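>>> I would like the atomic coordinates for the input below:
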Amino acid sequence: HPYPIPYRCFYSRNVDNLFMAGRNISVSHIALGTVRVMRTTAMMGEVVGMAASICANRNALPHDVYDSRFEELQELMKRGAGRTDVRLILKPMADGGEGSLGILAGDEGEYHPVETFDALMRPVQSAYAVLPGNSGKYAAVEAASAVGLYRLDREERNPLRTTSYGVGKVMREAIEAGCTELIAAVGGTATSDCGAGMLAALGCRFLDGQNRLIDYPAGGDLIRFDAIDTAPLYHLTQGCRFKVLCDVDNPLTGPKGAAAVFAPQKGADAAAVALLEAGAEHFAAKAAAATGHDCRAVAGSGAAGGIAWALKTFCGADFIPGAASIAALTGTDAAIRKAALAVTGEGRFDSQSLHGKVAGHIASFAHAHGIPTIVLCGSRGEDMTADILAPAGISALFALTDRVPRHEAFTRPAESLARLTAEVFGYLLAE
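Numbering: from 1, shown residues only. A predicted model of the protein is given here:
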């Protein structure tokens, strides 16, 4: 959009050859916004640079540009600063976690709000989306929108107490509305209950050793399961097909399982991880006896604290790589094939990022087509060394915490990321 340029304010009245770059002349107590200030100052600086180039090339002074060469300055302004041969293609991406529902629904999906519960059984609003086509039978659900980790304060995070019941309630409403094909984006949850809460919302009944019903099972309740009644669940889901967008390839149990790898990120200490692992093994054994299916070792079963395992074991769900599916849906893969460089990012980039996450998929796909990838992230894992990054197709990794103090990176992430991006691309485009 056109931007007013107060050129007369950029050179001195008293010193003929003095420009004053970087002046900010439009700030008030109302409009003193950081991004606005940076943009104004940067654009004014660009104009001063353009005017200075005219002075150097034409043996002119700053006021000469104003008096007789302003049209030449306007032409430079129209062309803009820097290179004009770079085309930037932006594509939305997700891997089955937050943001997946919006991408799956697109512009034509029909959203249906649902009153449900967060991971601590507090009322929240979520939604499912009926996807276009398929006679209104195909719905998408995002687990994180109901039981996402982002909904809990840090001190509230405890996977022994959190439950996936809320996302099950969303699924139930979609099924009761007539949807028979459900695609579940399950990443980003605050739970490690192996999907027991979700199954309870879908009708499954869990009984303890005294034959008492556990209404809203959480991670700490798994070890108490004595009997499982699947009849109400099967009655509700009869004729339904489930697909799960997985953002990881971990199994349910073991050293790479849901409890060992992901529960610490959700607030579990070492003792809690041990209890969750024992509960997961116990629940998996009971589920195998009840269903005839033992899926605990299936890659991806550990996604979302075991929600993926529950949908596969009890509902016969198919697993779909989340990042790969969404990349194909949004045309990201097609865009990468035509690009000279791929740029992606993640909040924290570590070894998990290379297994099913957005950044890992982008780098892998680009590498397969001979295209370098740059990753921008908030922080990096200590194990992310060149000998790990290069085989994964990552040419360079830039972390905010490598360039600014940690507290600044986390309290002012947008501004810090903008500065990092400008630094990286300024260097690249100058090559």
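>>> which parts of the stretch 251-400 of the chain are strands?
Assigned by DSSP state E, counting those that start in this stretch, the stretch 251-400 of the chain shows strands spanning 318-321, 342-349, 373-380, 394-399.
>>> out of those strands, flag the one nearest K78.
strand 342-349 (27.3 Å; CB to CB). No exception for glycine: its C-beta is placed from N, CA and C like everyone else's.
>>> which strands and helices sit next to that closest one?
In terms of contacts (3 or more CB pairs under 8 Å, 6 or more residues apart in numbering; DSSP states H and E), strand 342-349 is packed against helix 358-368, strand 373-380.
>>> where in the stretch 51-200 of the chain is pLDDT low?
Counting by pLDDT under 70, the stretch 51-200 of the chain shows low-confidence ranges at 81-84, 134.
>>> can you map out the helices along it?
Here the stretch 51-200 of the chain has its helices, by DSSP state H, counting those that start in this stretch, at 62-68, 70-79, 100-105, 143-147, 165-176, 196-201.
>>> ok, which of those helices comes nearest Y7?
helix 62-68 (6.0 Å).
>>> in the closest one, what counts as buried?
By 16 or more other CB atoms under 10 Å, the buried positions in helix 62-68 come out as 62, 64-65.
>>> for stretch 333-352, same thing?
Buried-residue list, stretch 333-352, by 16+ other CB under 10 Å: 333, 336, 339, 342-346, 349-350, 352.
>>> also stretch 309-323?
For stretch 309-323, by 16+ other CB under 10 Å, it's 309-315, 317, 319-323.
>>> again, but for stretch 170-182
Residues of stretch 170-182 classed as buried: 170-175, 179-180, 182 (neighbour count, 16+ other CB under 10 Å).
>>> what pairs with the residue nearest to C377 when sequence neighbours are not counted across the strands?
Excluding its sequence neighbours, the residue lying closest to C377 (CB to CB, 6 or more residues apart in numbering) is F349, at 4.0 Å. In this entry, F349 is beta-bridged to R380, by DSSP bridges.
>>> F349 touches A396, doesn't it?
No: contact criterion CB atoms under 8 Å: F349 and A396 do not qualify, at 11.7 Å.
>>> can you pick out the most distant pair from the buried residues of stretch 309-323?
Pairwise distances across the buried residues of stretch 309-323 (CB to CB) peak at 25.4 Å, for the pair F314 and A323.
>>> in this structure D95 contacts H355, no?
No: look at D95 against H355 with CB under 8 Å: they stay out of range, at 10.4 Å.
>>> settle it for me: which of those two has more neighbours?
Ranked by neighbour count (other CB atoms under 10 Å), D95 and H355 place D95 first, with 29 against 15.
>>> and the more buried one, how far from G203?
From D95 across to G203, the span is 29 Å (CB to CB, to the nearest Å).
>>> could you do N250 as well?
27 Å.
>>> and the two? Which one has more around it.
Each of N250 and G203 has its neighbours counted (other CB under 10 Å); N250 has more, 24 against 17.
>>> got a list of what the closest residue to the more buried one other than its chain neighbours touches?
Distances taken as CB to CB, 6+ apart place G302 nearest to N250, at 3.6 Å, with adjacent residues excluded. Taking CB atoms under 8 Å, 6 or more residues apart in numbering, we find G302 in contact with 248, 250-253, 256-258, 261-262, 308-309.
>>> tell me the pLDDT at G302?
Note on G302: pLDDT of 95.
>>> how much space between it and G187?
From G302 over to G187 (counting by CB to CB), the distance is 11 Å.
>>> identify the contacts common to those two.
Counting by CB under 8 Å, 6+ apart, the residues touching both G302 and G187 are V248.
>>> surely S145 is in contact with A119?
No: judged on CB under 8 Å, S145 makes no contact with A119 at a distance of 11.8 Å.
>>> the more surrounded of the two?
More crowded of S145 and A119, by other CB under 10 Å: A119, with 33 against 27.
>>> quick check: phi and psi on the more buried one?
With angles defined as degrees, to the nearest 10, A119 sits at phi -70, psi -10.
>>> what of F242?
Main-chain torsions, F242, degrees, to the nearest 10: phi -120, psi 140.
>>> quick check, nearest of the buried residues of stretch 170-182 to L213?
R172 (17.4 Å).
>>> so what's that closest one up against?
Counting by CB under 8 Å, 6+ apart, R172 touches 201-203, 236.
>>> one more time with 7 Å, if that's ok
201-202, 236 (CB atoms under 7 Å, 6 or more residues apart in numbering).
>>> ok, so of those residues, who is nearest F242?
Nearest to F242 among the contacts of R172, with distances taken as CB to CB, is L202, at 10.5 Å.
>>> OK, contacts around the closest residue to L389 other than its chain neighbours?
Spatial nearest neighbour of L389, chain neighbours left out: L397 (5.9 Å); criterion: CB to CB, 6+ apart. With contact set as CB under 7 Å, 6+ apart, L397 has these partners: 349, 375, 377, 380, 384, 389.
>>> quickly note the distance from L397 to A418.
For L397, the distance to A418 - CB to CB - is 18 Å.
>>> and stretch 346-361, average pLDDT?
On average, stretch 346-361 scores 85.
>>> no no, stretch 369-381
92.
>>> list of residues touching that stretch?
Under CB under 7 Å, 6+ apart, the answer for stretch 369-381 is 336-337, 339, 341-351, 359, 362-363, 366-367, 393-401, 409, 413, 417, 420-421, 424.
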